[in-house]
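Engineer: Prediction below, plus the sequence it came from.
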Amino acid sequence: MALPWYILCAVRNPDFIRVFIFQHNFQRYLTPVFQHKQPFWFFGWITLLAMLPWAVLLIPAAQEGLRLWREKTWLRSPGFFFACWAIFPILFFSASQSKLPGYILPAIPALALILSVAMIRAFQRSRSASLLVAAGVDFFWLVLAIFVLAKARGLSIWESELAGSLHLAEAALLVSVFVLFLILRAGSRQNLGVLAATCSLLVAATVLASLRVLPALDPYLSARPYAVFLRHDLRPDRIFTFHLNRSWNYGLAFYFQRELPEWSPEDPEPALVLTTRKGLQEIENAGRFQGELNEAEKGILYVPVGPLPR
């Protein structure tokens, strides 16, 4: 079915076969050419994150699978088909030399179906089982709220453009305590409908809050604003990075459309160095800091470096 589309793309784009088929499939899978190398177990954490807030249901789902295995009835179980559907993409891409979270998206629908059945059976089995599921879901929402607020307070935007939203988030945390009580109550009464509806509302509220907050967090997370700001610099050949982590280096290379070299304290010429607080301290210790520093630190610092002292 897809062959006519591939042929048309190859006819109109001579490099299509080489770039798309070989470079972005075989080369990406077999080599870390795009700097997306991760450990073998990387997709284990990604799977858990993708199934939140329902990841706790993987425990009863695994117990059900072990029961079917012991009873030797797994061949007749539809769950076996969905388990194969879910597990194969995760194992297949775990062997890849390039790993990105989106690679295992084909496994998510099957996992959602498996966890749905596991949740229904847990609520039908006993009051203690449904209460444990509700407690696990509660724990996720509580940890998420505390984590977001703790991270937000560590950013310099606390008293600036996001201050109103973050104070609103603090108030929402108090409201969430009542919502968490509702989830526990639904679990103790084996009321699956109330628990699912409450979590659905929390997910929707989280998405709406993210749509407002994430654009303001862009400078803290993305290299795009820095590349736009420096696009017309008079000395683009004298822009360097220094002690940035891999994600920042990769993002800057993507938006600059070239790889920025790593600055060396032995470089004798003036330069503009993109770095962190730790990198700034090393530059100051080397006696190379010169000029003024923009103290409104977000993700990266612009550090003017003077010539090497004679």
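Structural biologist: Structure's in. What do you need?

Engineer: sec struct for the nearest residue to residue 106 once chain neighbours are set aside, please.
Structural biologist: Leaving out its chain neighbours, the residue that sits closest to residue 106 by Cβ to Cβ, 6 or more residues apart in numbering is residue 89, at 4.8 Å. The way it works is simple: take the backbone N, C-alpha and C, and place the C-beta from them, glycine included. Under DSSP: H, G, I helix; E, B strand; the rest coil, the three-state class of residue 89 is helix.

Engineer: For this structure, which segments count as helices?
Structural biologist: Taking DSSP state H as the criterion, the chain carries its helices at 3-12, 16, 28-30, 42-50, 58-70, 78-94, 108-125, 127-153, 163-188, 192-221, 224-229, 246-256, 277-285.

Engineer: Select, out of the ones you listed, the one closest to residue 263.
Structural biologist: helix 277-285 (8.5 Å; Cβ to Cβ).

Engineer: Return the set of buried residues in that closest one.
Structural biologist: 279-280, 283 (16 or more other Cβ atoms under 10 Å).

Engineer: Could you provide the helices of the chain in a markdown table, with additional columns for mean pLDDT and distance to residue 268?
Structural biologist: Listed next are the helices of the chain as a markdown table, based on pLDDT from 0 to 100; distance: least, Cβ to Cβ, whole Å:
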| stretch | mean pLDDT | distance to residue 268 |
| --- | --- | --- |
| helix 3-12 | 91 | 49 |
| helix 16 | 88 | 46 |
| helix 28-30 | 85 | 39 |
| helix 42-50 | 89 | 41 |
| helix 58-70 | 83 | 57 |
| helix 78-94 | 90 | 46 |
| helix 108-125 | 88 | 53 |
| helix 127-153 | 78 | 40 |
| helix 163-188 | 67 | 44 |
| helix 192-221 | 80 | 31 |
| helix 224-229 | 83 | 25 |
| helix 246-256 | 84 | 23 |
| helix 277-285 | 85 | 14 |
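
Engineer: between those, which gets nearest to residue 292?
Structural biologist: helix 277-285 (12.7 Å).

Engineer: other SSEs contacting that closest one?
Structural biologist: Contact partners of helix 277-285 among helices and strands, from 3 or more Cβ pairs under 8 Å, 6 or more residues apart in numbering; DSSP states H and E: strand 239-242, strand 271-275, strand 301-305.

Engineer: mind exporting the first one as PDB, just the C-alpha atoms?
Structural biologist: Written as PDB, here are the backbone C-alpha positions of strand 239-242 (Å, rounded to 0.1, in the frame of the first residue of the first chain):
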ATOM      1  CA  ILE A 239      30.800  31.600  19.200                       C
ATOM      2  CA  PHE A 240      31.600  28.600  21.300                       C
ATOM      3  CA  THR A 241      30.100  26.200  23.900                       C
ATOM      4  CA  PHE A 242      31.800  25.300  27.200                       C
END
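
Engineer: Would you mind checking the average pLDDT for that strand?
Structural biologist: Mean pLDDT, strand 239-242: 89.

Engineer: So which bits of it are buried?
Structural biologist: Result for strand 239-242 [16+ other Cβ under 10 Å]: buried residues 239-242.

Engineer: re the thing from before, comparing the helices and strands packed on helix 277-285, which comes out most buried?
Structural biologist: Highest mean neighbour count of the helices and strands packed on helix 277-285: strand 271-275, a mean of 22 (counted as mean count of other Cβ atoms under 10 Å).

Engineer: Which member of the buried residues of strand 239-242 is positioned nearest residue 100?
Structural biologist: When the buried residues of strand 239-242 are compared against residue 100 (criterion: Cβ to Cβ), the nearest one is residue 241, at 22.1 Å.

Engineer: That closest one and residue 256 touch, don't they?
Structural biologist: No - judged on Cβ atoms under 8 Å, residue 241 makes no contact with residue 256 at a distance of 10.3 Å.

Engineer: for the chain, which residue is closest to the average position?
Structural biologist: Centroid check for the chain by Cα atoms, centre = their mean gives residue 101 as the closest residue, at 7.2 Å.
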